[in-house]
Each structure stands twice: as structure tokens, then as C-alpha cells.
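> sequence first, predicted model second:
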Amino acid sequence: MGRCMEGFTEVMVSNKTPEEKNEMLKLLIVMILIKIGFIAVVAFYLWPYVMPKLFKGVTTNPTFLQILALSVMISMLL
């Protein structure tokens, strides 16, 4: 998420034309939606089948918000 905020800041402070800024903002928003889509696929389809087999103490069916929070925490650490 930190890189995402840096991207939005870079778009706003750049010396580009308003049309170029709008295109860059659209691209950033599409990338965020794709990332949320991947997190949803992991939360609903992959996590319940893979993670309990790898680790015994893992919740079998976590909520979407729990997986999203895990993703945000990992991105903050990296």
C-alpha cells in the first residue's frame, strides 16, 4: 500500500498535463482493483484448501477483510 500512495503522490506533484495525470490515475486505480481481485481469489478459493494443509493453526475460512489486512501488513513490511 505504501507504493500505491507514493504513486498517487507522484501523479499529483508531477509537471504533466491534466490529461496525462488522469491517464496515470486511471492506471493506478485499475492496478488497485486488480490487486483486490487477486486477494479475493486467494481469500475465497485458495486459502481454504491450501493453508490448512500447510499449517495446523490456520483459520480455514478467514474473512475477506482479514486477508486484505494481512496483505496490507505484508506490503508495509516490504
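Arrived safely, thanks for sending. Note that this is a predicted model, so its numbers are computed, not measured.
> can you tell me the element residue 69 falls in?
In the assignment (DSSP states H and E), residue 69 maps to helix 64-77.
> quick one: contacts for the residue most central in space within the chain?
Centroid-nearest residue in the chain: residue 35, 4.2 Å away (criterion: Cα atoms, centre = their mean). With contact taken as Cβ atoms under 8 Å, 6 or more residues apart in numbering, residue 35 is in contact with residue 71. Using the backbone N, CA and C atoms, a C-beta is placed for each residue, glycine as well.
> now do the same for it: its pLDDT.
If you check residue 35, the pLDDT there is 87.
> what about it, distance to residue 77?
Residue 35 sits 16 Å away from residue 77 when distances are taken as Cβ to Cβ, to the nearest Å.
> how far off helix 64-77 does the lengthiest helix in the chain point, in degrees?
Counting by DSSP state H, the longest helix found in the chain is helix 18-41. Using axes from the mean of the first three to the mean of the last three Cα atoms, to 10 degrees, the inter-axis angle of helix 18-41 relative to helix 64-77 is 120 degrees.
> okay, helix 18-41 in PDB with CA atoms only?
C-alpha atoms of helix 18-41 as PDB (Å, rounded to 0.1, in the frame of the first residue of the first chain):
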ATOM      1  CA  PRO A  18      -4.000  17.100 -16.700                       C
ATOM      2  CA  GLU A  19      -4.800  14.500 -19.400                       C
ATOM      3  CA  GLU A  20      -1.600  12.600 -18.700                       C
ATOM      4  CA  LYS A  21      -2.400  12.800 -14.900                       C
ATOM      5  CA  ASN A  22      -5.900  11.500 -15.500                       C
ATOM      6  CA  GLU A  23      -4.500   8.500 -17.500                       C
ATOM      7  CA  MET A  24      -1.900   7.800 -14.800                       C
ATOM      8  CA  LEU A  25      -4.700   7.900 -12.100                       C
ATOM      9  CA  LYS A  26      -6.900   5.600 -14.100                       C
ATOM     10  CA  LEU A  27      -4.000   3.100 -14.400                       C
ATOM     11  CA  LEU A  28      -3.300   3.200 -10.700                       C
ATOM     12  CA  ILE A  29      -6.900   2.600  -9.900                       C
ATOM     13  CA  VAL A  30      -7.100  -0.300 -12.300                       C
ATOM     14  CA  MET A  31      -4.000  -1.800 -10.700                       C
ATOM     15  CA  ILE A  32      -5.500  -1.400  -7.200                       C
ATOM     16  CA  LEU A  33      -8.700  -3.200  -8.400                       C
ATOM     17  CA  ILE A  34      -6.600  -6.000  -9.900                       C
ATOM     18  CA  LYS A  35      -4.800  -6.400  -6.600                       C
ATOM     19  CA  ILE A  36      -8.100  -6.500  -4.700                       C
ATOM     20  CA  GLY A  37      -9.300  -9.100  -7.200                       C
ATOM     21  CA  PHE A  38      -6.300 -11.300  -6.600                       C
ATOM     22  CA  ILE A  39      -6.800 -11.000  -2.900                       C
ATOM     23  CA  ALA A  40     -10.400 -12.100  -3.300                       C
ATOM     24  CA  VAL A  41      -9.300 -15.100  -5.300                       C
END
